[in-house]
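A.B. asks: pasting the sequence and the predicted model now:
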Amino acid sequence: MIQDKSTKRPEMNQRMQRLCQRRNRLAIEGRRNLYMDGLLHGIYQWSPGSTSFSPETGVTAIAAEERVCLGDHNCRVGVGKPFPYADQMPSVVGKYEYDPVNWAKDYEFFLAHSPAEINPDERIVGEFHWQLDEGRKLIYPEEIDVYGEKAMALGAGGSCLTHTCPDLSIGMKLGWKGIRAKIVESKERFAGDEKKCHYLDAAIIVVNAIIRHIRAYGEKARELAGQEETDCRSHEYMELSDICERIAEDPPASFREAVQWMQFYQICERMNGHGNGYGRLDQILQTFYEKDIERGVLTPDLARDLVEEFYLKYGGNYFSVSGRNENLDDATNDMSWVCLRAYDMVGGYNCMGVGWHSDIDKDFYRYACEVVARHRCGTPALLNYDIMRKSEIYSGVKEEDAWNVTYSGCQWYCIVGKEYCDQDKNVIVLVQCLQRAFDKAVKNQPESFDAFYDLLLKELKISADALVALKNMEYHYQSKVWPEIVVSCMMHNCIENGLDVTDFGTGNYNFTSVNLLGFTNVVDSLLNIKKMIYEMEKTSFAELSTAVRADFIGYESLRRELLDTAKFGNDDDECDALARRFSDDIENVLRSVKNAKGFHLRPSLFQFMGHSIAGPFLGAGIDGRKKAEPFAQGFNPTHGRSLNGATAVANSMLKIDQQKFIGAPWQCELSPSFFKNLDSEGDALYKLTTTYFSHGGMHINANILAVKDLEEAMKKPEKHQDLMIKVTGYSAHFINLDKHYQSEIVKRTRQNA
Amino acid sequence: MTTALISNIERGSAVDGPGMRTVVFFKGCPLSCVWCHNPETISPYPELEWEEKRCMRCGLCFTEYPEYFSMNGKTLQMNDKRTLDFSCVEKCPGKALSVNGKTMTIRELFYTIKKDRMFYESFSGGVTFSGGEPLMQINALVEIAEHCSKEGIHTALDTTCFASWEILKQVIPFIKLFLCDLKLFNPEKHRKYTGVEPELIRENIQKIDQHGIPIWIRTPVISGINDDEENISSCAAFAASLKHLIRYELLPYNPLAEIKYVKQGH
């Protein structure tokens, strides 16, 4: 029984105001920015020598002017200089090896030399200034480049690193001491198995390093307590010191300790990766909350206060709330409300998701919609838990695991502690498959549209095979190049099997998730080919090919014809039927391709950033898109081509069987004028989203934006420092984004104004 | 088979009536308001439109059809549109010329209206027949309104109320809400600015009220024409006298209408 359904926003206390100001300052100063190694990486999620986001410093960092800024989408708090001990890293002083112990020694050194800092006003502590790849090289063997370059040429690419969801409850039950005991016990069990014991040795090094790092915070707090003049703050430091000392080894025993434990886990993990989902926050914290409320040592307001600080501290928490429990009943609990209220108080950058389902506490979901409307930046992301669960089962996840699915970031979700699928890290550029099929058609003139369509599916299979060849090479090396030991400690079937989460044979789900770039553009192009070449005979493959290569210069009339054909997102039956057919076939083709771990490819109707930047690289399109124009985002309509309003967009999207995809977000840009005559923005959003979800929709990112505000922010960024928006799968300050992304967001918002 | 000449269908609208609605703009209007917001719906016939943004300035239209097209500065002037066939549309290389006015069967129209049914249900919305003046196509209007009504889709009629009661009463059983314009109270001004007498309009509104159907009265506020206190208070007083008035709205002038006039080749 939920005790408190209050949606009141009390006045923020001064301490929290100061913490908010610090959070905002770090963002505006660019100290939380995330960078990418050039635009090409944004398209293929891989580029030669680059298998992750750009390290800001270190031997593999590229020149600042070559990097692309993705906005304040980072947990790392930059200090504008490189890791001071980079030249003393064990792998630099000694030998760099593809080996878990070699990696763990670097991690140990890195953690030991990362300062434990406590800022004024903090009750939840823990942040970092450098990532491990600024000290240790994250480079795969050169032989992988051959596969990567071949895949890129065929419109595919991908990398491996994090993007899973560890089960934090494992560590919160055992504590780090218990985790270490589990590793030792496993090592005894595998005595004689050199490889496993070696890995488990590495795991012990890592766990001990984490314990020491947490203790360092305790020591720092104690030191500050001694320097503090007021009893009150001195007492707070002592209390913090005690907490750090306890949870360094033991499991958290109180709500506050639980929150602090999670913060430490997140930073220790994020330092060596670039981001995971961390599960179902309300489920993780509910027991601690109940116990402390019962003991009389916690109030809902105090709990909210701690969660607020947790949000501010980490800078973008990938958690979900609500959804269903193991019995498939509504899992909304007191903590769901606390977590949402906390975001409502502090707003800003956060990547929390709410799992709607048909039995959800309606008051709670209504409040979630109010929060989205109030903060206007797509947070929380609104997701259909039922479709996510079905999607997992459809892909082959067992029913007994599927209930524990959680939204984890961008468009993706996974089973807590049991799935490692490189979500969001791999791409097939559908437009390139189409281009190859089209080039063949120019020579071979397929007799019918269906014959052409078959050519396209063959090319898709070729791209999928190239991707899986690259992935298999990466999988082969991953646990040696960059084992994910911190994650593995919080996964099922890893430590107990003496295996890293990235290894083969853990028994967890290891599908390869694949983002599709250009889905809508290919659908629109297919309809043009069907109508203009085969049915009306208005043009030919040869003429269209010439026109596209010329970026339609000299072929403007033909381009207008192409643009006048029906487009996806307008509830046009013929176009939508083609979209459905193509989406089903993509899933079939990808399902037929298995990775070396024995799992098939899973498509996602989303691509992180490529849609904004791929145009100039890939040229004009058969859909009438000029070279300089962006692609459609995921399966959203192409900019400027949705002419029948939001309901038509929703109807088109609902014709796709969304459960077949590991993510299908509707990037719903709503102008404030849309709500003018409706009851309230929150209420309208509630109705819009529940209708969409009730009919099979999976995910809505709702930005409520006025075009004029965005345009003005581009011209006068200093006046719009607080303008937050949902960029794609994450939110960020608009003014921190690279101009490419700013322009694309203005375009897509203008379309819906 | 009954057909309707439709100028446009706007989906997901939250403007003309309660909740989220599909608004069907019928073509043809007996009034000629000088400020008309929807000039493309005045003519009861399909007619040419020109989209400035799309025009490639190739000059083909006024070379091939010199008696109909001329350039007035940067905009295209269209003369005597009624006698012009639409062959120019197909020839226009920029697709800047198009035909406004699509003949739709009732089945087609109903199919389109039904598409957003799930949103009508959640937003307590429905369909609004607007224009132009839908009463000018009474057979089609009655048929589509009856279809919608039987299917449980909320129906609103956005009307000038300028039609004989014999016409208007036919649709009464199938309309759940009337959106009636009351533009000018003074008969002389009404005649001057809309081209018709106001009495019939007011009588019809009162008769609708007597039938117990909810009414919204709306006054578009046009600067210098009807925004004087006397007119607004007279319109408001008339509205207040209705037993089934739900809402009285003052509508701001829609500046987008100016683009429509350019499109119409005026």
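C.D. replies: Thanks, I have it. Because the structure is a prediction, the values reported are computed rather than measured. Residues are numbered from 1 along each chain as shown, chains lettered A, B, ... in the order given.
A.B. asks: rest of the way, CA atoms for contacts and neighbours
C.D. replies: Will do.
A.B. asks: where does the prediction get shaky in chain A?
C.D. replies: Along chain A, the parts satisfying pLDDT under 70 run over A:751-753.
A.B. asks: quickly find the element holding the residue of chain A found nearest chain B.
C.D. replies: When scored by Cα to the nearest Cα, chain A has A:Ser557 as its residue closest to chain B, at 4.7 Å. Assigned by DSSP states H and E, A:Ser557 belongs to helix A:556-564.
A.B. asks: tell me where the stretch 151-266 of chain B has strands.
C.D. replies: Ranges of strands in the stretch 151-266 of chain B, per DSSP state E, counting those that start in this stretch, are B:154-159, B:177-181, B:215-220, B:245-251.
A.B. asks: buried deepest among those strands, which one?
C.D. replies: Neighbour counts (mean count of other Cα atoms under 10 Å in any protein chain shown) averaged over each of these peak at strand B:154-159, with a mean of 26.
A.B. asks: direction included, what does that one pair up with?
C.D. replies: With DSSP bridges as the test, strand B:154-159 is paired with strand B:126-130 (parallel), strand B:177-181 (parallel).
A.B. asks: now the ones you listed in a markdown table, with distance to B:Glu52 and mean pLDDT?
C.D. replies: Shown next, in a markdown table, are the strands paired with strand B:154-159 (distance: least, Cα to Cα, whole Å; pLDDT from 0 to 100):
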| stretch | distance to B:Glu52 | mean pLDDT |
| --- | --- | --- |
| strand B:126-130 | 26 | 98 |
| strand B:177-181 | 31 | 97 |
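A.B. asks: any chance of the ones you listed in JSON lines, with distance to A:Asn736 too?
C.D. replies: Listed next are the strands paired with strand B:154-159 as JSON lines, based on distance: least, Cα to Cα, whole Å:
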{"stretch": "strand B:126-130", "distance to A:Asn736": "42"}
{"stretch": "strand B:177-181", "distance to A:Asn736": "47"}
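A.B. asks: what's the closest of the strands of the stretch 151-266 of chain B to A:Ala441?
C.D. replies: Proximity to A:Ala441 (Cα to Cα) singles out strand B:154-159 among these, at 50.2 Å.
A.B. asks: that older thread, so can I have JSON lines of the strands of the stretch 151-266 of chain B showing distance to A:Arg15?
C.D. replies: Formatted as JSON lines, the strands of the stretch 151-266 of chain B follow (distance: least, Cα to Cα, whole Å):
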{"stretch": "strand B:154-159", "distance to A:Arg15": "53"}
{"stretch": "strand B:177-181", "distance to A:Arg15": "54"}
{"stretch": "strand B:215-220", "distance to A:Arg15": "52"}
{"stretch": "strand B:245-251", "distance to A:Arg15": "47"}
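A.B. asks: just give me the residue closest to the centre of chain B.
C.D. replies: Closest residue to the average C-alpha location of chain B: B:Gly131 at 1.6 Å, with Cα atoms, centre = their mean.
A.B. asks: near chain A, which residues of the stretch 1-150 of chain B?
C.D. replies: B:10-12, B:14-15, B:18-20, B:93-95, B:115-116, B:118-119, B:122-123 (Cα under 8 Å from any Cα of the partner chain).
A.B. asks: please, a ChimeraX command that selects the buried ones among those?
C.D. replies: In ChimeraX syntax, the buried subset of the residues of the stretch 1-150 of chain B next to chain A is picked out as below (16 or more other Cα atoms under 10 Å in any protein chain shown):
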select /B:10,11,12,14,15,18,19,20,93,94,95,115,116,118,119,122,123
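A.B. asks: tell me which of the residues of the stretch 1-150 of chain B next to chain A fall in strands.
C.D. replies: B:Glu10, B:Arg11, B:Gly12 (DSSP state E).
A.B. asks: can I get the residues you listed in CSV with pLDDT?
C.D. replies: Below are those laid out as CSV (pLDDT from 0 to 100):
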residue, pLDDT
B:Glu10, 94
B:Arg11, 95
B:Gly12, 92
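A.B. asks: can you pull the pLDDT of B:His266?
C.D. replies: Predicted confidence (pLDDT) at B:His266: the value is 62.
A.B. asks: B:Phe110 now?
C.D. replies: 98.
A.B. asks: go on, B:Leu256?
C.D. replies: Listed pLDDT for B:Leu256 reads 66.
A.B. asks: neighbours around residue 187, how many?
C.D. replies: As the question left the chain open, I've gone with chain A. Counted with other Cα atoms under 10 Å in any protein chain shown, residues neighbouring A:Lys187 total 23.
A.B. asks: looking at chain B here, not the other one
C.D. replies: 12.
A.B. asks: what sits against it?
C.D. replies: B:Glu197, B:Pro198, B:Glu199 (Cα atoms under 8 Å, 6 or more residues apart in numbering or on different chains).
A.B. asks: all strands of the stretch 1-150 of chain B, in order?
C.D. replies: Under DSSP E, counting those that start in this stretch, the stretch 1-150 of chain B gives strands at B:3-13, B:21-26, B:47-50, B:69-72, B:75-78, B:97-100, B:102-105, B:126-130.
A.B. asks: closest residue of the stretch 1-150 of chain B to chain A?
C.D. replies: Of all residues in the stretch 1-150 of chain B, B:Pro93 sits closest to chain A, at 4.7 Å by Cα to the nearest Cα.
A.B. asks: show the pLDDT at that residue.
C.D. replies: 91.
A.B. asks: quick check: what element follows the helix holding A:Ser557 along the chain?
C.D. replies: helix A:573-591.
A.B. asks: that following helix - contacts with which helices or strands?
C.D. replies: helix A:449-481, helix A:519-528, strand A:601-604 (3 or more Cα pairs under 8 Å, 6 or more residues apart in numbering or on different chains; DSSP states H and E).
A.B. asks: just put the ones you listed in CSV and tack on mean neighbour count and distance to chain B.
C.D. replies: Below are the helices and strands packed on helix A:573-591 laid out as CSV (neighbours: other Cα atoms under 10 Å in any protein chain shown; distance: least, Cα to the nearest Cα, whole Å):
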stretch, mean neighbour count, distance to chain B
helix A:449-481, 21, 25
helix A:519-528, 26, 16
strand A:601-604, 26, 26
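A.B. asks: I'd assumed A:Pro665 was in contact with A:Leu605.
C.D. replies: Yes. Between A:Leu605 and A:Pro665 there is a contact at 7.4 Å, judged by Cα atoms under 8 Å.
A.B. asks: those two - which one has more neighbours?
C.D. replies: Shown here are A:Leu605 and A:Pro665; by other Cα under 10 Å, A:Pro665 has more neighbours (29 against 25).
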